[in-house]
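[1] please find the sequence and the predicted model below.
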Amino acid sequence: MNPVLSALLGLQEIDRQIFKVESELERLPKEEQQRSEELGKLRERLAGKQQEVASLRAEIKDIEHTTVGLRQRLKKLESESSNGTADAALIASYQHEMRNIKRNVSGAEDDGLKRLGRAEMIDEEIAALQQKLAEDEAVFAEFQKNVAEETKAAEGKLADLHKERLTKSSDGISANELDIYRGLLKTREGEALAELGDGLCEGCFVNLPKNIVVRLARGTELVQCPSCDRILFTY
Ligand SMILES: [Zn+2]
């Protein structure tokens with residue numbers, strides 16, 4: 001095999017592992033952030049429901065207050081129209097007002113009951129949300145603990161891999177070839193090389209033109225796959 005290819009294959013073996021560990025180190029904090037945002041949304045939803053139910057209860061209190069006042073007025077009118085001091089015209093006016101008050105009280109009571117029903121429904125939603133939040137928070141705490149452990153392990157592994165990489169020779173690989181190789185590691189997710197297998201690139205599974213296969217067989221230059229750009233090799 002072309003000595004440059006053989007050196008690149010040696011590097012690839014370790015760089016593939018470095019890529020995997022580095023990806024893991026990037027993924028872990030992102031996932032933690034995402035899960036933390038989801039918890040935040042749940043907390044916001046809960047706070048919104050709590051606010052909604054608090055304002056409903058305040059409205060119910062107002063309604064109760066109003067109906068107490070109306071009932072007191074009703075009692076007064078009843079006693080005044082029956083104590084014998086009012087004339088017929090006044091009694092008629094009292095009765096008119098009393099009818100109005102009764103209608104208003106009845107309307108207010110319906111209103112209060114509707115709000116109460118809604119408040120009770122929201123109370124149930126709040127209880128369910130609180131339970132879900134408690135569960136999710138416990139899961140998240142466990143996840144965070146694991147992330148911390150996995151991150152530490154990955155950092156240790158990465159340091160070892162970098163040490164090991166220093167022992168690999170890149171003798172004979174030109175600066176330009178190394179640049180191409182490094183660029184491919186990034187764009188091709190840690191796999192810069194691909195084997196030629198039965199006329200196709202095993203990196204992207206595209207059939208290779210005859211001239212590519214011939215150039216590779218000559219072994220005098222680096223040959224890249226025209227489709228995925230990976231550096232081709234064959235044993
Ligand atoms: Zn390819």
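    Here it is on my side, so go on.

[2] let me see the domain layout of the chain.
    Structural domains assigned to the chain are 15-166, 175-233, following automatic domain parsing.

[3] nearest to the ion, out of the ones you listed?
    Ranking these by proximity to the ion (CB to the ion) places domain 175-233 first, at 3.1 Å. Quick note: C-beta positions are derived from backbone N, CA and C, even for glycine.

[4] any idea how far apart the tips of that closest one sit?
    Counting by CA to CA, to the nearest Å, you get 19 Å between the two ends of domain 175-233.

[5] let me see the mean pLDDT of it.
    In this model, domain 175-233 has an average pLDDT of 95.

[6] and that domain, anywhere near the ion?
    Yes - using CB under 5 Å from the ion, a contact is recorded between domain 175-233 and the ion, made by 201, 203, 204, 225, 227, 228.

[7] now do the longest strand along the chain: which elements does it pack against?
    Across the chain, the strand with the greatest residue count (assigned by DSSP state E) is strand 193-197. Based on contacts counted as 3 or more CB pairs under 8 Å, 6 or more residues apart in numbering; DSSP states H and E, the elements that strand 193-197 packs against are helix 3-82, strand 231-233.

[8] tell me the first helix or strand C-terminal of the first one.
    Note on helix 3-82: by DSSP states H and E, the next helix or strand toward the C-terminus is helix 88-166.

[9] hey, which of the helices and strands packed on strand 193-197 is tucked in deepest?
    For the helices and strands packed on strand 193-197, average neighbour numbers computed from mean count of other CB atoms under 10 Å are highest in strand 231-233, which has a mean of 22.

[10] who touches it?
    By CB atoms under 8 Å, 6 or more residues apart in numbering, the list of residues contacting strand 231-233 from outside reads 1, 5, 8-9, 180-181, 184, 192-196, 201, 208, 212, 216, 222-225.
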